[in-house]
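Trainee: Have a look at this prediction, sequence included:
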Amino acid sequence: MLAVAGTAGYLVVALAFPMLSRRLPNSGTAVSTLSVHYPDGRGILRDVMRIATSRGFAVDDMSTSPASHNDRAADGVRPMVEVILHVHGRGSVNELATELAELPGVRAVISDDVNASSDD
């Protein structure tokens with residue numbers, strides 16, 4: 001009888017928890033990561049920060065580094081820069097990444113949205 005009750009309890013949790021977690025609001029304090037690649041010296045970081053904050057995200061940490069040595073801008077002269085942003089907010093980080101990727105000059109944006117559901 002104890003084994004049946006334990007199995008039934010497990011099945012209730014295993015089946016109900018994913019449905020319940022999708023209905024809960026996104027965490028505004030969970031930190032997600034964005035990696036943005038763009039040519040150095042074009043003022044793109046200013047636009048990236050403006051868009052992120054206008055969408056309701058706070059930037060917890062930011063680091064910049066040169067992108068790989070064979071990664072050059074379209075003009076072949078300017079080196080590429082990689083900026084890693086640690087952001088949190090209630091919006092979708094994937095939607096923010098899509099908007100940032102549409103900025104002129106941005107070559108790539110990679111996002112790690114901790115609020116995104118893996119079951120979608």
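Mentor: Alright, I've got the coordinates. Numbers count the residues shown, from 1 in each chain.

Trainee: which regions of this structure sit below the pLDDT cut-off?
Mentor: Low-confidence segments of the chain (pLDDT under 70): 21-29, 68-77, 113-120.

Trainee: For it, just list every one of the helices.
Mentor: 2-23, 44-54, 93-101 (DSSP state H).

Trainee: I84 is nearest to which of those helices?
Mentor: helix 44-54 (11.4 Å; CB to CB). Using the backbone N, CA and C atoms, a C-beta is placed for each residue, glycine as well.

Trainee: okay, the helices of the chain in JSON lines with distance to M62 and mean neighbour count next?
Mentor: Below are the helices of the chain laid out as JSON lines (distance: least, CB to CB, whole Å; neighbours: other CB atoms under 10 Å):
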{"stretch": "helix 2-23", "distance to M62": "30", "mean neighbour count": "9"}
{"stretch": "helix 44-54", "distance to M62": "8", "mean neighbour count": "15"}
{"stretch": "helix 93-101", "distance to M62": "14", "mean neighbour count": "18"}
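
Trainee: would you turn those into a markdown table with distance to L85?
Mentor: Output for those, formatted as a markdown table (distance: least, CB to CB, whole Å):
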| stretch | distance to L85 |
| --- | --- |
| helix 2-23 | 26 |
| helix 44-54 | 7 |
| helix 93-101 | 9 |
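
Trainee: and of those helices, who's closest to R107?
Mentor: Closest among the helices of the chain, using CB to CB: helix 93-101, at 8.9 Å.

Trainee: mind checking how far the closest one is from the chain centre?
Mentor: Distance of helix 93-101 from the chain centroid (CA atoms, centre = their mean, to the nearest Å) equals 8 Å.

Trainee: for stretch 84-94, same thing?
Mentor: Distance, centroid of stretch 84-94 to centroid of chain: 5 Å (CA atoms, centre = their mean).

Trainee: Stretch 40-47 now?
Mentor: Using CA atoms, centre = their mean, the offset of stretch 40-47 from its chain centre is 19 Å.
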